[in-house]
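Enquirer: have a look at this prediction, sequence included:
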Amino acid sequence: MASRAAASAALAATAVFGYLSIVRLSQQNGLSAILEAVDLDNDSTLQITGLDPLDAFLKILFRFFTPCVARELPSLSLFAAFAAVQVLPIHTIFVLEGLRSANASTIFAFPAVWGIIYQCVPFGIIVPIYCATHIWISPLANFSSTLTAANRAEMVSMAPLQVRAVTGALILGYILPTVLAALPAPDIVSLHTQQLLLAAWQTFPAQVVAWQIILVAVVENIGLVHGSASATPRARIQYSKRILPYILGITGVLNLAIAGVGVTPLLLSGSANCTLREAFIPVSVSAPQTIASLARGVLSLLQYDIYCACGAILIWIYYLSFASSGPFAALETTAKWGVRSLIVGPGRAAL
């Protein structure tokens, strides 16, 4: 795991396993057939764009995500809430990496593009690709031994205005749309409104970037960031160190709202049909069985989707720690990730 080649091989294996456990398993267990069998010609429940191919794609997404918020399978509702909580920190990593000076001229400067791609292609496949690409392309993954401390500080630093706006952008661009999309229908919102909210949720990567741009302008206009915070790379790093804990804390607390929206109705209903084993341990990839319902197929896909993505993040974190600080630091970082994963989940532990 010490070399980029070894890390790349591990990430490639994760992406391949992601394909087998997400795409191929969905074909073998009947999930793909169920999703593709939706009668798009006679289904006029929702027309958003007026473009038939795009609306057809959205309707398939509605059919996929509706069981997550319909609470017909308690274990799916529980895991969907867990998955939503893990996606936020991983996307936060994408956003923060895009803000670092060294990544300004790379493909990592466009987190919205990566986000839209993993909304269309499975998350558990795209995250390993992102991580593998990062360790080969990003200057941050390959510090030269000749770099001075000042050079390194410049490379990892982020503009204070951008850092200050991140929390609000994540809250308004991800947390709020996710909570709204999870509102039960027809108890709180109508089915039509729920479909609109699910459609809006698909664009959350673009929403985060849009809010980032808006909030940067607001922060600059009202003078929330003192000019001295941008004076030197070290000053920018120190400012980020003061602000990042707020980002982690506020998004962490508000992220519980996502879990609350997903789990509270299950507790209130007194459902005894949900077990932790069913919710968190996926079915075997090597011995696929035809799914009994759409909800069970969605659960299986989401489980592998999140686990492959989090596995890729762990490999990436280990490599970056090893490359910058050596094997003992890498092992310590991995151990801390493991402990935190038991408390807040593998995605949140990565931050």
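Expert: Perfect, thanks for sending it. Note that this is a predicted model, so its numbers are computed, not measured.
Enquirer: buried ones in the helix or strand harbouring residue 216, by neighbour count?
Expert: Assigned by DSSP states H and E, residue 216 belongs to helix 204-222. Residues of helix 204-222 classed as buried: 204-209, 211-212, 215-216, 219 (neighbour count, 16 or more other C-beta atoms under 10 Å). C-betas here are computed from N, CA, C, even on glycine.
Enquirer: contacting residues around the closest residue to residue 291 other than its chain neighbours?
Expert: Nearest non-adjacent residue to residue 291, counting by C-beta to C-beta, 6 or more residues apart in numbering: residue 297, 4.1 Å away. Counting by C-beta atoms under 8 Å, 6 or more residues apart in numbering, residue 297 touches 26, 29-31, 34, 291.
Enquirer: from those residues, which single one is nearest residue 52?
Expert: Nearest to residue 52 among the contacts of residue 297: residue 34, at 21.2 Å, using C-beta to C-beta.
Enquirer: can I assume that closest one is in contact with residue 294?
Expert: Yes: Residue 34 sits in contact with residue 294 when judged by C-beta atoms under 8 Å, with a separation of 5.4 Å.
Enquirer: more crowded one of these two?
Expert: Here residue 34 and residue 294 are compared on neighbour count by other C-beta atoms under 10 Å; more neighbours surround residue 294, at 20 against 17.
Enquirer: and that one, what's its pLDDT?
Expert: For residue 294, the pLDDT comes out at 91.
Enquirer: and what of residue 148?
Expert: 69.
Enquirer: what strand or helix carries residue 55?
Expert: Applying DSSP H and E, one finds residue 55 within helix 52-70.
Enquirer: now swap in residue 177 and tell me
Expert: Secondary structure assignment for residue 177, by DSSP H and E: helix 176-181.
Enquirer: quick check: buried residues in the helix holding residue 55?
Expert: 55, 58-59, 61-70.
Enquirer: quick check: mean pLDDT across that helix?
Expert: For helix 52-70, the mean per-residue pLDDT is 81.
Enquirer: could you do stretch 121-138 as well?
Expert: Mean pLDDT, computed over stretch 121-138, is 95.
Enquirer: what's the answer for stretch 156-163, then?
Expert: Averaged across stretch 156-163, the pLDDT comes to 85.
Enquirer: give me the distance between it and the centre of its chain.
Expert: Computed by C-alpha atoms, centre = their mean, to the nearest Å, the chain-centroid distance of stretch 156-163 equals 21 Å.
Enquirer: so residue 60 touches residue 37, yeah?
Expert: No: using C-beta under 8 Å, residue 60 makes no contact with residue 37, being 10.1 Å away.
Enquirer: residue 220: what's it in contact with?
Expert: By C-beta under 8 Å, 6+ apart, residue 220 lies in contact with residue 161.
Enquirer: so what pLDDT did it get?
Expert: pLDDT for residue 220: 88.
Enquirer: need the residues touching each of residue 34 and residue 294.
Expert: What both residue 34 and residue 294 touch, as defined by C-beta under 8 Å, 6+ apart, is the set residue 63.
Enquirer: quick one: the strands in the protein?
Expert: For the chain, no strands are identified by DSSP state E.
Enquirer: which sections of the stretch 151-300 of the chain are below the confidence cut-off?
Expert: For the stretch 151-300 of the chain, the stretches flagged by pLDDT under 70 are 226-233, 239, 243, 246-248, 250-252, 254-275.
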